[in-house]
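Asker: Next come a sequence and a model predicted from it.
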2 protein chains.
Amino acid sequence: MMRELELQKAFMLVEPGPVTMVSTSLEGRANVMTLTWITVLDWTPRFALCTGAWNYSFEALVKTGECVVGIATADLVETILDVGTVSGREVDKFTRFELTPLPASHVAAPLIGECYANIECRVADHIKRHNIFVLEGIKAWTNPAHRDKRLLHAVGDGTFTADGEVFHRRVRMGDKLPPGV
Amino acid sequence: MMRELELQKAFMLVEPGPVTMVSTSLEGRANVMTLTWITVLDWTPRFALCTGAWNYSFEALVKTGECVVGIATADLVETILDVGTVSGREVDKFTRFELTPLPASHVAAPLIGECYANIECRVADHIKRHNIFVLEGIKAWTNPAHRDKRLLHAVGDGTFTADGEVFHRRVRMGDKLPPGV
């Protein structure tokens, strides 16, 4: 079950640089892509997502101005490869890969039930000359019962890494931490 | 010793979402910041780096149009905290934190000897309304002798994770891999 996460913590889902699955819904048809080209813009839930017209999800992003950013974990390594190596132009990926679309609160794009976390987003700007979409997160969800919370990172050559050793340095960050985290 | 890395592989240093240290050089004075708000834009070595006027390195980036993106690894967890919690306005961070500035080929900003890898970059565009710098990588370096190659990821609350389990899925990526990687 997805539970709401305080919106001021949503940047913490993207800041570590995980592989994501981004869902869209165009004319009642849901689609999902694997995407690693995303960064937080600041401590508010604003993100820069990079993709262009070569991608089938691009049209849905432009036309609907909405998406859901799902955070992938190590247990989903085969799923992100499934989703990332076929096009929604030919395949209903939610059906083919047995993904669970869950209703979002504010956007038509579905939450992805298999993801550890999901962020409902609106497109705030589209910088066409660089293929950058600026997203604004409007509601965030996590599944506390998700067993494998190790985020997944893409190297770009077909190698993926999962989170390993954890370093707790909260005290050292002092007043550099944003409020509410 | 830093060795040149083929430029078409430079995106693989940033795609996994590591913590970076970004050096600049303004009027002969080198500085360095810790930065995690960066993403690749595509398979060419182009990056979107997010920072603004609140940051002392911002002025150097704007005035010189150059920087070096150094890739941090788990052995540098204390260093990235040192560098990230004081300002270059008050401190010469290379001296204070015993970092080794190495001459770059194409920019005045130094390579950071302690980093596993460095990418010399020019600012190709500055999207002021979103505090996004578009960087173009012009030369990349790695240190094959660097012992700890586990990349470091920032969660944003003072927690950092290092790369753990590795998944090799090159074959599964098929024709989705860009040329030359």
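Answerer: Here it is on my side, so go on.
Asker: Apart from its chain neighbours, what residue comes closest to whatever residue of chain A ends up closest to chain B?
Answerer: Across chain A, the shortest distance to chain B (Cβ to the nearest Cβ) belongs to residue A:17, at 1.1 Å. Heads up, the C-betas are built off the backbone N, CA and C, glycines and all. In space, and not counting its chain neighbours, residue A:17 is closest to residue B:17: 1.1 Å by Cβ to Cβ, 6 or more residues apart in numbering or on different chains.
Asker: Residue A:16 too?
Answerer: Nearest residue to residue A:16 in three dimensions, chain neighbours excluded: residue B:153, at 4.0 Å (Cβ to Cβ, 6+ apart).
Asker: Next secondary structure after the helix or strand harbouring the one you found?
Answerer: According to DSSP states H and E, residue B:153 maps onto strand B:152-154. With elements assigned by DSSP H and E, the helix or strand that comes after strand B:152-154 is strand B:159-168.
Asker: Tell me where chain A has strands.
Answerer: A:3-5, A:20-26, A:29-35, A:38-40, A:46-50, A:66-71, A:101-102, A:111-112, A:117-127, A:132-142, A:152-154, A:159-168 (DSSP state E).
Asker: same for the second one, what does it pack against?
Answerer: Counting by 3 or more Cβ pairs under 8 Å, 6 or more residues apart in numbering or on different chains; DSSP states H and E, the packing neighbours recorded for strand A:20-26 are strand A:29-35, helix A:56-64, strand A:66-71, helix A:77-84, strand A:111-112.
Asker: can you give me the mean pLDDT across the third one?
Answerer: Just to be clear, that refers to strand A:66-71. On average, the pLDDT along strand A:66-71 is 98.
Asker: next one: stretch A:116-128
Answerer: Here the average pLDDT along stretch A:116-128 is 98.
Asker: Which residues are in contact with the most centrally placed residue in chain A?
Answerer: Taking Cα atoms, centre = their mean as the criterion, residue A:69 is the residue nearest the geometric centre of chain A, at 2.6 Å. Residue A:69 is in contact with A:13, A:14, A:20, A:22, A:38, A:47, A:49, A:118, A:119, A:121, A:135, A:137, counting by Cβ atoms under 8 Å, 6 or more residues apart in numbering or on different chains.
Asker: Identify the residue spatially nearest to it, adjacent ones excluded.
Answerer: residue A:119 (4.5 Å).
Asker: which other residues reach the lowest-mean-pLDDT helix or strand in chain A?
Answerer: Using mean pLDDT, DSSP states H and E, helix A:170-173 stands out as the lowest-scoring helix or strand of chain A, at a mean of 93. With Cβ under 8 Å, 6+ apart as the test, helix A:170-173 has contacts from A:177, B:81, B:85, B:157, B:158, B:159.
Asker: looking at these, which has the most residues close by?
Answerer: Neighbour counts for the contacts of helix A:170-173 (other Cβ atoms under 10 Å in any protein chain shown) peak at residue B:81, which has 20 neighbours.
Asker: Tabulate the strands of chain A (TSV), appending distance to residue B:92.
Answerer: What follows is the strands of chain A, written out as TSV (distance: least, Cβ to Cβ, whole Å):
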stretch	distance to residue B:92
strand A:3-5	40
strand A:20-26	39
strand A:29-35	40
strand A:38-40	29
strand A:46-50	32
strand A:66-71	39
strand A:101-102	52
strand A:111-112	47
strand A:117-127	36
strand A:132-142	34
strand A:152-154	33
strand A:159-168	26
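Asker: The ones you listed: which one's closest to residue B:93?
Answerer: strand A:159-168 (20.5 Å; Cβ to Cβ).
Asker: what packs against the closest one?
Answerer: When contacts are defined as 3+ Cβ pairs under 8 Å, 6+ apart, strand A:159-168 packs onto helix A:77-84, strand A:152-154, strand B:159-168.
Asker: and those, which is most packed in?
Answerer: Between the helices and strands packed on strand A:159-168, strand A:152-154 has the highest mean count of neighbours, a mean of 27, where neighbours are mean count of other Cβ atoms under 10 Å in any protein chain shown.
Asker: In contact with the residue nearest to residue A:69, which residues?
Answerer: Residue A:119 sits next to A:10, A:13, A:14, A:45, A:68, A:69, A:70, A:71, A:137, A:139, A:140, A:141 when contact means Cβ under 8 Å, 6+ apart.
Asker: How about the contacts made by residue A:46?
Answerer: Going by Cβ under 8 Å, 6+ apart, residue A:46 touches A:40, A:124, A:134, A:135, A:136, A:137.
Asker: Next, find the distance separating it from residue A:94.
Answerer: For residue A:46, the distance to residue A:94 equals 27 Å [Cβ to Cβ, to the nearest Å].
Asker: Kindly report the same for residue A:173.
Answerer: 39 Å.
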